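# Predicted model, plus sequence, below.
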Amino acid sequence: MKQGNNYYVYIVECSDKSYYVGVTNDVQNRIRQHNEGINPTSYTHSRRPVVLKYVAHYQDINQAISWEKQIKGWSRKKKQALMVGNWDEIVRLSNAHKSDKK
């Protein structure tokens, strides 16, 4: 994918079925790095291979980082809804979470 003002928020599913959320300017290279185990202290190193499940494109790194942080705070179910593009379920889960806090 193109470099430059292109940033991507991505979710990968790890071999243990957990999810990892990250931001990069080169998705293909980043997935390769995860699967090659470049960094032995990284979350995904012991959970390889990883499979790309979601990508969102941004031209502003600050927006990408903001979206990444938001997703990282989400439940597993919300992440799964995002990966399939089910915004109704994301809203439902968000509203259910708000009700639980009352």
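Sure, I can see it.
# now the spatially closest residue to His57 that is not a sequence neighbour, what's its secondary structure?
Leaving aside its sequence neighbours, His57 sits nearest to Tyr8 (CB to CB, 6 or more residues apart in numbering; 5.8 Å). For the C-beta atoms, the positions are set from N, CA and C on the backbone; glycine is no exception. Classification of Tyr8 using DSSP: H, G, I helix; E, B strand; the rest coil returns strand.
# Identify the bridge partners of Tyr8.
Thr24, His57 (DSSP bridges).
# in the chain, which spans are helices?
According to DSSP state H, the chain carries its helices in the segments 27-36, 61-72, 76-83, 87-101.
# Let me have these in JSON lines, extended by mean neighbour count and distance to Tyr54.
Formatted as JSON lines, these follow (neighbours: other CB atoms under 10 Å; distance: least, CB to CB, whole Å):
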{"stretch": "helix 27-36", "mean neighbour count": "16", "distance to Tyr54": "11"}
{"stretch": "helix 61-72", "mean neighbour count": "15", "distance to Tyr54": "9"}
{"stretch": "helix 76-83", "mean neighbour count": "17", "distance to Tyr54": "5"}
{"stretch": "helix 87-101", "mean neighbour count": "11", "distance to Tyr54": "12"}
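# ok, back up a step: so the residue nearest to His57 sits against Val23, correct?
Yes: Tyr8 is within contact range of Val23, at 6.8 Å (criterion: CB atoms under 8 Å).
# Report how many residues lie close to the residue nearest to His57.
The tally of other residues near Tyr8 (other CB atoms under 10 Å) stands at 20.
# And for the one 3 residues further on?
Applying other CB under 10 Å, we find 22 other residues in the vicinity of Ile11.
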